[in-house]
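Visitor: here's a sequence, model it:
(4 chains)
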There are 2 protein chains.
Amino acid sequence: MGKKARSSPRREESLSRDRIIEASIELLDSSGESGLTFRALSDRLATGPGAIYWHIVNKSDLLAAACDAVVARTMNETVVTTPEATIQAVALGLFDVIDEHPWVGSALTSSPGLSPIVRILECIGQQIRALGVPDEQQWASVGALMAYILGVSSQNAANGQLARTRGLDRSDFLEAVSTAWSQLDPREYPFARSVAGQIRDHDDRMDFLAGIDLILSGIKSSRGR
Amino acid sequence: MGKKARSSPRREESLSRDRIIEASIELLDSSGESGLTFRALSDRLATGPGAIYWHIVNKSDLLAAACDAVVARTMNETVVTTPEATIQAVALGLFDVIDEHPWVGSALTSSPGLSPIVRILECIGQQIRALGVPDEQQWASVGALMAYILGVSSQNAANGQLARTRGLDRSDFLEAVSTAWSQLDPREYPFARSVAGQIRDHDDRMDFLAGIDLILSGIKSSRGR
DNA sequence: ACCTGAACACCGTTCAAGT
DNA sequence: ACCTGAACACCGTTCAAGT
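Guide: Numbers count the residues shown, from 1 in each chain, chains lettered A, B, ... in the order given. Purely as a prediction, here's the structure:
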């Protein structure tokens, strides 16, 4: 129970941008967005807070870099087959990374460096092209898919975090939302009340894929004009 | 040039939750998310930082309340006509509020109180029902539309903020993104390069509406199974 | 019941000083 | 060239004390 019995292992390698980013990801995963602190980070890296600034410009740069690293890893893992299957695969891949690393969701939207966004756009864009979507419609199609993928994934991850904050697991959380919605004023919220039941026992990933198919079918049906 | 010549007008009314939320919105609009501070807020309200805690539980509650107030205002302004037109109207309404109040975008995603989300879901859900979408597809349809609307609007607002940070107007910013993309490695980023030209002179709001139509056509085409 | 404002335990960031 | 760690100017939040 010694005051501070060498909590972190003695530093073996010298500091580097990559080692800092790697440690940041671990910190973000274990303690969330608010857990990434220059003090916590320098503790883990067995150095002082000032040292980090030699390799990283500031906190938002650090967050963007961590985000890019995680996204790049996922994009590289995606196997390219048919356009539809590839889009589904990359969508599910992103859904799962964001679920595993909830901080990626919010970091992506406000990402000052655009690189992770461009990575995703490129991959989806190539498939949209392969589908034979005419030039003028490519931008809107890719935009719709990306907004959907990132939007739903972020919301899903935010729900998961919110649930965790309240000490519930996912199904307890959905249960709570479901009953809250079913108690809304039926005059003002008829629709929310009517879908309250559906929300309880649905599969987030399946619904997510159903939405992708919906958008893909919209893209294909308006392809011939 | 007196040290501090009564910067804020003397308080006339007593403090209240509504007055605090109103002042928070002004502060968020004028100085962004980082401008909302208990000290800045209490200055503007001519009181001490502790007083605010009598009416508000904490900062995230305050942000959620400000967000809800702005969203509720927009939703109430939307005129209901045909389902398609109503969905377009509410989508454009949200696009514009989020453009005007960029902080709403990020606050909506991580909103711990779900009320603004439910407001939007209810409005869109009623239109989806009116379109005759079968029960099992309603959830996915509404989810796709909401994710698209909030996703694109938030991204658009984030771009605007990013541009402002760098002291550029919107078209200068798009110009910069366009040239950055056109300089990407053609082997790795063929698609991004090819759409780089399109990004320069496009109308964000028009593209946004095109995406809505795309999703609506997907919803309608899969409606009969 | 409502407000005050000092105090606490944090932040990100800087920078003289070291090696 | 790279690292150290004290110091600065902030935060959100609490709470004894006032009215």
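
Visitor: what sits against A:Leu114?
Guide: Residues in contact with A:Leu114 (Cβ atoms under 8 Å, 6 or more residues apart in numbering or on different chains) are B:177, B:180. Where you see a C-beta, it was placed from the backbone N, CA and C, and this is true even at glycine.

Visitor: buried stuff in stretch A:45-53?
Guide: For stretch A:45-53, burial by neighbour count (16 or more other Cβ atoms under 10 Å in any protein chain shown) applies to A:45, A:47, A:51-52.

Visitor: and if you look at stretch A:75-95?
Guide: Buried residues in stretch A:75-95 (16+ other Cβ under 10 Å): A:75, A:78, A:83, A:86-95.

Visitor: pull it out as PDB, backbone CA atoms only.
Guide: The C-alpha trace of stretch A:75-95 is given here as PDB (Å, rounded to 0.1, in the frame of the first residue of the first chain):
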ATOM      1  CA  MET A  75     -10.900   0.800 -43.400                       C
ATOM      2  CA  ASN A  76      -7.800  -1.300 -44.100                       C
ATOM      3  CA  GLU A  77      -9.500  -4.400 -42.800                       C
ATOM      4  CA  THR A  78     -12.500  -4.100 -45.100                       C
ATOM      5  CA  VAL A  79     -12.400  -6.700 -47.900                       C
ATOM      6  CA  VAL A  80     -13.700  -5.300 -51.200                       C
ATOM      7  CA  THR A  81     -16.100  -7.600 -53.100                       C
ATOM      8  CA  THR A  82     -19.300  -6.500 -54.900                       C
ATOM      9  CA  PRO A  83     -20.300  -2.800 -54.400                       C
ATOM     10  CA  GLU A  84     -23.300  -3.500 -52.300                       C
ATOM     11  CA  ALA A  85     -21.500  -6.000 -50.100                       C
ATOM     12  CA  THR A  86     -18.500  -3.700 -49.700                       C
ATOM     13  CA  ILE A  87     -20.700  -0.800 -48.600                       C
ATOM     14  CA  GLN A  88     -22.400  -3.000 -46.100                       C
ATOM     15  CA  ALA A  89     -19.100  -4.300 -44.800                       C
ATOM     16  CA  VAL A  90     -17.600  -0.900 -44.400                       C
ATOM     17  CA  ALA A  91     -20.800   0.400 -42.800                       C
ATOM     18  CA  LEU A  92     -20.800  -2.500 -40.300                       C
ATOM     19  CA  GLY A  93     -17.100  -2.100 -39.700                       C
ATOM     20  CA  LEU A  94     -17.600   1.500 -38.700                       C
ATOM     21  CA  PHE A  95     -20.700   0.800 -36.700                       C
END
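
Visitor: next, see if it gets close to chain B.
Guide: No - contact check for stretch A:75-95 against chain B, using Cβ under 8 Å from any Cβ of the partner chain: none in range, with a minimum separation of 11.2 Å.

Visitor: contacts for that stretch?
Guide: With Cβ under 8 Å, 6+ apart, stretch A:75-95 has contacts from A:71, A:74, A:119-120, A:123-124, A:127-128, A:130-131, A:145, A:149-150, A:152-153, A:156, A:205, A:208-209, A:212, A:216.

Visitor: about what we covered before: of all the buried residues of stretch A:45-53, which comes closest to DNA strand D?
Guide: A:Thr47 (2.9 Å; Cβ to the nearest atom of the strand).

Visitor: test my guess that the closest one contacts A:Leu15.
Guide: Yes - with contacts counted by Cβ atoms under 8 Å, A:Thr47 reaches A:Leu15, the gap being 6.1 Å.

Visitor: report pLDDT for A:Lys3.
Guide: On pLDDT, A:Lys3 comes in at 34.

Visitor: residues contacting A:Met206?
Guide: By Cβ under 8 Å, 6+ apart, A:Met206 has no neighbours at all.

Visitor: which SSE is it in?
Guide: helix A:204-221 (DSSP states H and E).

Visitor: and which of the buried residues of stretch A:75-95 is nearest DNA strand D?
Guide: Taking the buried residues of stretch A:75-95 together and measuring to DNA strand D by Cβ to the nearest atom of the strand, the closest member is A:Met75, at 29.6 Å.

Visitor: so which strand or helix has that closest one?
Guide: helix A:59-77.

Visitor: what comes up buried for that helix?
Guide: In helix A:59-77, counting by 16+ other Cβ under 10 Å, buried: A:62-68, A:70-71, A:74-75.

Visitor: C-terminal to whichever strand or helix holds A:Val152, what's the next element?
Guide: In the assignment (DSSP H and E), A:Val152 maps to helix A:135-165. On the C-terminal side of helix A:135-165, the closest following helix or strand by DSSP H and E is helix A:170-182.

Visitor: quick one: that following helix to helix A:204-221, angle?
Guide: Angle of helix A:170-182 versus helix A:204-221, following axes from the mean of the first three to the mean of the last three Cα atoms, to 10 degrees, is 70 degrees.

Visitor: hmm, helix A:170-182 touching chain B?
Guide: Yes - Helix A:170-182 is in contact with chain B by Cβ under 8 Å from any Cβ, via A:177, A:180-181.

Visitor: return the residues in contact with A:Met146.
Guide: A:117, A:120-121, A:124, B:151.

Visitor: relative to DNA strand C, which of these is nearest.
Guide: A:Ile117 (21.8 Å).

Visitor: which helices and strands sit right next to the helix or strand hosting A:Ser106?
Guide: In the assignment (DSSP H and E), A:Ser106 maps to helix A:103-109. With contacts defined as 3 or more Cβ pairs under 8 Å, 6 or more residues apart in numbering or on different chains; DSSP states H and E, helix A:103-109 has these neighbours: helix A:59-77, helix A:83-100, helix A:135-165, helix B:103-109, helix B:135-165.

Visitor: out of the ones you listed, nearest to DNA strand C?
Guide: helix A:59-77 (3.6 Å).

Visitor: how about that closest one and DNA strand C, touching?
Guide: Yes - for helix A:59-77, a contact with DNA strand C is found by Cβ under 7 Å from any atom of the strand, at A:59-60.

Visitor: what pLDDT, on average, does that helix get?
Guide: Mean predicted confidence for helix A:59-77 is 94.

Visitor: does any part of it sit near DNA strand D?
Guide: No - for helix A:59-77, no contact with DNA strand D is found by Cβ under 7 Å from any atom of the strand; the gap never falls below 13.0 Å.
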